[in-house]
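Trainee: one predicted model, sequence on top.
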Amino acid sequence: MSFNNLQLIEPVLQALDKEGYTHPTPVQEKSIPVILQKRDLLGCAQTGTGKTAAFVLPILQLMHEEKQNTEQTQHKIKALVLTPTRELAIQIGESIRAYGRYLPLRHHVIFGGVSQHTQVQAVRRGIDILVATPGRLLDLMQQGHVTLRDIQFFVLDEADRMLDMGFVHDVKRIITRLPSKRQTLFFSATMPNEIKQLASMLLNNPVRVEVTPPATTVDLIQQSVYYTEKHNKQSLLVHLLKDSSIENVLLFTQMKHAADKLARMLNNAGIRTEAIHGNKAQAARQRALENFKAKRTRVLVATDIAARGIDIDELTHVINFELPNVPETYVHRIGRTGRAGAKGVAISFCDWSEKIFLSDIQKLIKKTIPVVKSHSFDVPGMHDIIQPAGNFSYGNNRSGGMRKRHSRAFTQRA
């Protein structure tokens, strides 16, 4: 199937052609017709499957057609896209700009960590589509700069990450300010019970679009795990990066100070590296991301919050220097590679303290991650300790309780 079969209007098709896109991904193929029918949608699709275009393209078309039919010349906020991080908000804004290049619609992106002056001025001049993170949106609403009374399209993107980051209460406050008559699109890579409850609050007789089972990983991603002692992780990392076939690496760690420490260590080893995390200024984060995209930097070290929404074309490798204590996060992390049908490689380091995290991850994704044995920093004794995916006791909630206790602390520090 091509985009020509999805009843998209000519200006949108021209923009897609300009971007070099001819065939929709499965989530786009299933979602676009539903949204064009003005139905609510509950989308469950893993990261890297093309969710952004799945909602941006039909919303642009519906808004343009309404403007033509009503001959509106004013620019009022008719569409709100709510997303958890500034990086993802910027990425969605770039997609709106690209796909809407031939349409007379205005959009703007607002997020915290920068001066609100430019954002407020853009809203005052008039916009049709607002992309926002929850905190800054609430700030501008409370100051009277933003009103949601004209919203016709509401998109909640990366809903599970909203929950992980503690934004669910902000989201609920924003929802109370939305008109009851609207079209709502709800996207999440995973569907824990809390997300299902939120979806039931928001959606009216939705069509469910699910292109892969919840919390699965892309088959094209080659996954592996290295057992090693914690103090040997840095040496193992440098050893692996001596392989020139590893073109670029998104390297995940839990803590901000650990990200900076790793970046310094790799630079001292002659490997061009930058770090992004919540303490970095927005300009610094964008500069690091641009350097990585342009391949001026080989390794980008990131915490989970900073990395959410990063979309790197042809990212070859993701390395989990530290395993996440929330197993769903593993799915999000490795989904940064293997995007849009490309192959990718995901490597994880696991020390003794992380073996329970690896067990939880394998239980969630319902597969055993292959172990690389007999490397220079191997710990043979761990091979018999960590069970393969098929041997788990699904009734054991002890590790789940540990995840919940640790999750908030890690999120706040990222």
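Mentor: Cool, got the structure.

Trainee: make it CA atoms for all contacts and neighbour counts henceforth
Mentor: Will do.

Trainee: okay, the closest residue to residue 354 other than its chain neighbours and residue 357: tell me how far apart.
Mentor: Excluding the flanking residues, the one nearest residue 354 by C-alpha to C-alpha, 6 or more residues apart in numbering is residue 323, at 6.6 Å. Relative to residue 357, residue 323 is positioned 7 Å away (C-alpha to C-alpha, to the nearest Å).

Trainee: now residue 344. Its backbone dihedrals?
Mentor: Here is the backbone geometry of residue 344 (degrees, to the nearest 10): phi -150, psi 170.

Trainee: and it, how close does it get to residue 113?
Mentor: In this view, residue 344 and residue 113 are 32 Å apart by C-alpha to C-alpha.

Trainee: the two - which one has more neighbours?
Mentor: The neighbour comparison of residue 344 against residue 113 (other C-alpha atoms under 10 Å) goes to residue 344, with 22 against 14.

Trainee: and the helix or strand containing residue 233, which residues are buried?
Mentor: Per DSSP states H and E: residue 233 is located in helix 233-241. Buried residues in helix 233-241, counted by 16 or more other C-alpha atoms under 10 Å: 233, 236, 237, 241.

Trainee: got a markdown table for those residues, with pLDDT and distance to residue 18 too?
Mentor: Shown next, in a markdown table, are these (pLDDT from 0 to 100; distance: C-alpha to C-alpha, whole Å):
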| residue | pLDDT | distance to residue 18 |
| --- | --- | --- |
| 233 | 96 | 44 |
| 236 | 96 | 43 |
| 237 | 97 | 40 |
| 241 | 96 | 36 |
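
Trainee: which residues of the stretch 151-300 of the chain fall in helices?
Mentor: Along the stretch 151-300 of the chain, counting by DSSP state H, counting those that start in this stretch, helices occupy 159-164, 168-175, 193-202, 233-241, 256-268, 282-293.

Trainee: select, out of these, the one closest to residue 34.
Mentor: helix 193-202 (16.9 Å; C-alpha to C-alpha).

Trainee: what is the neighbour count of residue 294?
Mentor: Look at residue 294: counted by other C-alpha under 10 Å, it has 11 neighbours.

Trainee: can you offset everything so residue one is 344?
Mentor: Will do, 344 is the new start, and the previous item becomes residue 637.

Trainee: distance-wise, check the spatially closest residue to residue 448 that is not a sequence neighbour relative to residue 668.
Mentor: Counting by C-alpha to C-alpha, 6+ apart, residue 471 is the residue found nearest to residue 448 once chain neighbours are left out, at 6.0 Å. Applying C-alpha to C-alpha, the value for residue 471 to residue 668 is 40 Å.

Trainee: returning to that earlier point: and the residue nearest to residue 448, what does it touch?
Mentor: Contact partners of residue 471, counting by C-alpha atoms under 8 Å, 6 or more residues apart in numbering, are 418, 419, 420, 421, 422, 448, 449, 450.

Trainee: buried members of those into PyMOL, please.
Mentor: Here is the PyMOL command that selects the buried residues among the contacts of residue 471 (16+ other C-alpha under 10 Å):
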select buried, resi 418+419+420+421+422+448+449+450
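
Trainee: among the contacts of residue 471, which are located in strands?
Mentor: Judged by DSSP state E, the contacts of residue 471 include 422, 450 as members of strands.

Trainee: closest one to residue 363 out of the contacts of residue 471, please.
Mentor: Nearest to residue 363 among the contacts of residue 471: residue 448, at 21.7 Å, using C-alpha to C-alpha.

Trainee: residues near the residue nearest to residue 697, how many?
Mentor: Neighbours around residue 666, by other C-alpha under 10 Å: 24.

Trainee: helix/strand/coil for it?
Mentor: With DSSP: H, G, I helix; E, B strand; the rest coil as the basis, residue 666 sits in coil.

Trainee: pLDDT wise, what is it at?
Mentor: On pLDDT, residue 666 comes in at 95.

Trainee: burial count for residue 571?
Mentor: Counted with other C-alpha under 10 Å, residue 571 comes out at 20.

Trainee: residues in contact with it?
Mentor: Contacts of residue 571 (C-alpha under 8 Å, 6+ apart): 692, 693, 694, 695, 720, 721, 722.
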